[in-house]
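All I have is the shape, not the residue letters:
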């Protein structure tokens with residue numbers, strides 16, 4: 001799962017920097033990296049954030065997101081193990097999401113949050129935190145219920161059907177309390193997320 005800047009998206013310097021930071025954080029959060037690689041990428045997120053921050057720091061609408069990213073970047077810097085690093089990286093992507101709208105992105109913030117929440121559920125499952133996984137799944141469902149009509153308004157019937165399946169499969173996997181299966185189905189949802197992005201020109 002990931003949301004790199006596309007040819008259809010805005011190509012301002014601030015958008016490109018923001019996308020690069022998000023992509024690196026997503027790679028950590030996806031849980032496929034070794035500790036050494038994840039720490040290297042985390043260091044680059046930490047070092048890259050000040051330049052991105054300066055692009056948005058003077059915008060009143062960005063105040064909450066900038067503060068939230070500050071906190072998650074600090075968590076990345078101080079993470080004591082790979083699990084904490086992955087969680088902080090994913091929370092960074094969630095905090096970054098609203099900044100894309102301010103950077104002129106055509107993809108709704110809720111599409112990025114859909115991606116963030118599915119990664120969060122995978123992390124919850126790997127940690128055995130089923131209470132948090134259920135809460136994240138409920139938030140995912142609410143996010144999708146709100147987003148779905150907008151997808152259909154943009155003639156995204158196929159993307160909506162794919163996302164419907166993704167949300168349902170994740171909920172079914174959670175009921176079975178099988179961590180490996182939950183991680184697998186959230187990973188398999190990547191095509192649905194890509195389809196949602198494309199509906200809005202991402």
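Here it is on my side, so go on. Remember, predicted model here, so these are calculated numbers, not experimental data.

any idea which helix or strand comes after the helix or strand harbouring residue 159?
Assigned by DSSP states H and E, residue 159 falls within helix 157-176. Using DSSP H and E, the helix or strand that follows helix 157-176 in sequence is helix 179-188.

contacting residues around the helix holding residue 159?
Outside helix 157-176, the residues that touch it by CB atoms under 8 Å, 6 or more residues apart in numbering are 114, 118, 121, 125, 130, 133-134, 137, 140-141, 144, 147-148, 151-152, 181-182, 184-186, 188-189, 191-192, 195-196, 198-199. Glycine gets a C-beta too; all of them are placed from N, C-alpha and C.

so residue 15 touches residue 105, yeah?
Yes - counting by CB atoms under 8 Å, residue 105 is a contact partner of residue 15 at 6.9 Å.

Between those two, which is the more surrounded one?
Between residue 15 and residue 105, residue 105 has the larger neighbour count (other CB atoms under 10 Å), namely 25 against 19.

wait, doesn't the more buried one sit right on residue 16?
No - between residue 105 and residue 16 there is no contact under CB under 8 Å: 11.6 Å.

any common contacting residues for these two?
Jointly contacting residue 105 and residue 16 under the rule CB under 8 Å, 6+ apart is no residue at all.

which element is residue 31 on?
Using DSSP H and E, no helix or strand contains residue 31.

Filter the contacts of helix 157-176 down to just the ones in strands.
Members of these lying in strands (criterion: DSSP state E): none.

out of those residues, which are buried?
114, 118, 121, 125, 133, 137, 140, 144, 147-148, 151, 182, 185-186, 189, 192, 195-196, 198-199 (16 or more other CB atoms under 10 Å).

Quick check: closest non-adjacent residue to the residue most central in space within the chain.
Centroid-nearest residue in the chain, with CA atoms, centre = their mean: residue 116, separated by 2.8 Å. Of all residues not flanking residue 116 in the chain, residue 94 sits nearest, at 4.3 Å (CB to CB, 6 or more residues apart in numbering).

Low-confidence regions, this protein specifically.
Residue ranges of the chain with pLDDT under 70: 1-10.

ok, 90 please
For the chain, the stretches with pLDDT under 90 are 1-13, 190, 201-202.

In the record's domain split, what are the boundaries for it?
1-105, 107-202 (automatic domain parsing).

Assess the claim that residue 103 and residue 17 are in contact.
No - at 9.1 Å, residue 103 and residue 17 do not qualify as touching, with contact defined as CB under 8 Å.

Thanks again, I'm all set now.
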